[in-house]
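Q: next input, structure requested:
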Amino acid sequence: LKMKLYYFDVYGRGEAIRILLNHAGAEFEDCRLAGEKWAELKADTEKAEYGQMPILEKDGKYYTQSSAILRFLGREHGYYPSDSWEAYRVDNLLGLLEDFYAPILKVFFIKDEEEKKTEFGKLLENHHPKFFGFWEKKLLANSSQDFL
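A: Here you go, the predicted structure:
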């Protein structure tokens, strides 16, 4: 059975999972949903446990929560360390990624287009440089071929 990744046709929380699967050379179907197809999946609480995506379908099981999926696949494909310190460093960056996404998603769902444009501008001016700075610091301190 080929894995299936269900997410919207945007980068968002599904993109890190897509990148991991592609980098690992894993075969998977990238199922990008909207409208009725998403409503149908969302109503199935066995598959969409919390009514959210991304959802990974693998071997008849459904996995939810983007960070949990990343850790799961990281272990499966040799990206997630067994050493506690190294695992903490990965988890630290996954937590930072969640912190990065939270305000972006809030802006994404603003209905008023002018307000959305203003708030997105604030993110580009303040939020993005702050987080890119955090990641740049980690990358500059890296002395190995591994990400961490």
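Q: what's the span of stretch 23-38 from first residue to last?
A: 27 Å (CA to CA, to the nearest Å).
Q: scratch that, stretch 32-50
A: End-to-end distance for stretch 32-50, by CA to CA: 18 Å.
Q: which strands and helices sit next to whatever helix or strand L96 lives in?
A: Secondary structure from DSSP states H and E places L96 in helix 84-108. Using 3 or more CB pairs under 8 Å, 6 or more residues apart in numbering; DSSP states H and E, the elements in contact with helix 84-108 are helix 66-76, helix 113-122, helix 128-140. C-beta here means a position set from N, CA and C on the backbone, and glycine is covered the same way.
Q: quick check: angle from that helix to helix 128-140?
A: Angle, helix 84-108 to helix 128-140, by axes from the mean of the first three to the mean of the last three CA atoms, to 10 degrees: 160 degrees.
Q: show me what counts as buried in helix 84-108.
A: Buried residues in helix 84-108, counted by 16 or more other CB atoms under 10 Å: V90, L94, L97, F100, Y101, V107.
Q: before we move on, back to that, if you compare the helices and strands packed on helix 84-108, which one is most tucked away?
A: helix 66-76 (a mean of 18; mean count of other CB atoms under 10 Å).
Q: helices or strands up against that one?
A: Secondary-structure packing of helix 66-76 (3+ CB pairs under 8 Å, 6+ apart): helix 15-24, strand 55-58, helix 84-108.
Q: contacts for the helix holding L96?
A: 12-13, 16, 66-67, 70-71, 74, 80-81, 116, 119-120, 123, 127, 131, 134-135, 138, 148 (CB atoms under 8 Å, 6 or more residues apart in numbering).
Q: gap between it and the chain center?
A: Relative to its parent chain, helix 84-108 has a centroid offset of 9 Å by CA atoms, centre = their mean, to the nearest Å.
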